[in-house]
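>>> Got a predicted structure plus its sequence, pasted below:
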Amino acid sequence: MKRPCSSVGQSNCLLSSGSRVRVSPGTPFYSCDKADSDGQETTPEPPEDPLPEEILDFLRGRKPLHELSCQCRDFEVTTISEALTAYKICAQAEGRSPRTIEWITSGMRYFSDFLGTDRNVSSINANDLRSFIIYLQERKKYKKHPYNHVQDNLISPQSIETYCRAIRAFFGFLKREELITRNPMEKVKIPKVPKKVVPTFSDKNLEAMLSKINTKSGLGLRDYVIMLVLVDTAARVSEIATLKMEDVNLENGYLRVMGKGGKERDIPIGRKVSKSLMKYKLKYRAELATTNNFFITREGRPLSIGRIERICKHYGQKAGLSRCYPHKLRHTSSVLYLRNGGDPFSLQKKLGHTSLQMTRYYCDLADSDVRAQHLRFGVADKLKI
């Protein structure tokens, strides 16, 4: 009976004579091709030119593939474009979101354009990324952009950090899949992004904006409910756009949304929101619905993310507010929740964050009105002196 040896992955093993032995996934490597008539193994004559010892260790299952020296491996993926194809296949199989895949592939294409050629991934070093960072720091915004005109200001530090994180994630994938022996990006420090206070709206701003919506019309009622849900739940715009009928539980007062990374969670809603959702569902949506999405257009189709963004911008402009968009409403809702007495841990669950890092940032924003409170309740100002 033939005895298979352990094998991992697929490799072309280099013989000392120059020929190769291919070991494929699921294909056992046999110590001989013949057996005696009684079923016992025969010991083959040793070859004149034996295999290197480390390849024998690999074939016997004593050494994993990634520990073989470079001369004993022959990877099929070499260039950036080939590696990107491998990444997209693996990422899709692992269930990565299309936005994540697009983020990493577009960042790597930008990096490849900077390098000038479709480089071999194993030849890229840390200085290549450092040169790319310097190039971005000196580059004007929208330069060579197909749709937008070039601007005088430079690319923002946030955009540079986004490119760097995409490249680092890509090379982390290559190292994890053993397509490279070392990750050149491990020693590169990404430039720090200046911490800026994200502007949020006040209670009066939100009241002014909501008062500009005509709730007597069907579309106005829909827009009012969308804005109210964004303000009350701090949900992402993508979560509201993909909300289904069965996800709206008015009896128990929560919305079931699908967050980043395919993570489902329940977000509680208040009494005013529940009442508005019920009114929209019975008076407007029932007449037009041709889809299972909860929020729909006047033709009955699902409401897109872009349409919700335009709704926010429209009513923000009517109320005289600068730059009103869904994510700013998410920031505003989070900060006002904490100022109204909410705790960071329940806010973290509402937002769908895996860590408290971003929630701590909202806590800092919530404390930014300390000066205003001091002007009202400061001790020295209350003294009759």
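Right, received. Where do you want to start? Numbering: from 1, shown residues only.
>>> Can I get stretch 196-211 as CSV, trimmed to CA atoms?
What follows is stretch 196-211, C-alpha atoms only, in CSV (Å, rounded to 0.1, in the frame of the first residue of the first chain):
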residue,chain,number,x,y,z
LYS,A,196,-9.9,68.1,14.4
VAL,A,197,-13.1,68.7,16.1
VAL,A,198,-15.9,67.5,13.9
PRO,A,199,-18.6,70.2,13.8
THR,A,200,-22.0,69.1,15.0
PHE,A,201,-25.5,70.6,15.0
SER,A,202,-27.3,71.9,18.1
ASP,A,203,-30.8,71.1,19.2
LYS,A,204,-32.0,74.4,17.7
ASN,A,205,-30.3,73.6,14.4
LEU,A,206,-32.1,70.2,14.2
GLU,A,207,-35.4,71.8,15.2
ALA,A,208,-35.0,74.4,12.5
MET,A,209,-34.2,71.8,9.8
LEU,A,210,-37.1,69.5,10.7
SER,A,211,-39.5,72.4,10.7
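>>> So which bits of that stretch are buried?
T200, F201, N205, L206, A208, M209, L210 (16 or more other Cβ atoms under 10 Å). Glycine gets a C-beta too; all of them are placed from N, C-alpha and C.
>>> Go through the residues you listed and flag which are in strands.
Among the buried residues of stretch 196-211, no residue falls in strands (DSSP state E).
>>> which residues touch stretch 100-115?
Outside stretch 100-115, the residues that touch it by Cβ atoms under 8 Å, 6 or more residues apart in numbering are 80-81, 84, 87-88, 91-92, 118-119, 124, 128-129, 131-132, 135, 162-163, 165-167, 169-170.
>>> And the average pLDDT for the helix or strand hosting I267 is what?
Assigned by DSSP states H and E, I267 belongs to strand 264-268. Averaging pLDDT along strand 264-268 gives 91.
>>> which intervals of the chain have sub-threshold pLDDT?
Residues of the chain meeting the criterion pLDDT under 70: 1-77, 144-147, 364-385.
>>> In it, which residue is most central in space?
Residue closest to the average C-alpha location in the chain (Cα atoms, centre = their mean): T100, at 4.6 Å.
>>> Where does it fall, secondary structure wise?
For T100, the host element (DSSP H and E) is helix 98-115.
>>> got the CA coordinates for that helix in CSV?
Extracted in CSV, the C-alpha atoms of helix 98-115 (Å, rounded to 0.1, in the frame of the first residue of the first chain):
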residue,chain,number,x,y,z
PRO,A,98,-17.3,45.3,-2.2
ARG,A,99,-16.4,48.7,-0.7
THR,A,100,-13.5,47.2,1.2
ILE,A,101,-12.2,45.4,-1.9
GLU,A,102,-12.6,48.5,-4.0
TRP,A,103,-10.8,50.6,-1.4
ILE,A,104,-7.7,48.3,-1.3
THR,A,105,-7.5,47.7,-5.1
SER,A,106,-7.9,51.4,-6.0
GLY,A,107,-5.2,52.4,-3.5
MET,A,108,-2.8,49.8,-4.9
ARG,A,109,-3.5,50.9,-8.5
TYR,A,110,-2.7,54.4,-7.5
PHE,A,111,0.5,53.2,-5.8
SER,A,112,1.4,51.1,-8.9
ASP,A,113,0.9,54.1,-11.2
PHE,A,114,3.3,56.0,-9.0
LEU,A,115,5.9,53.2,-9.3
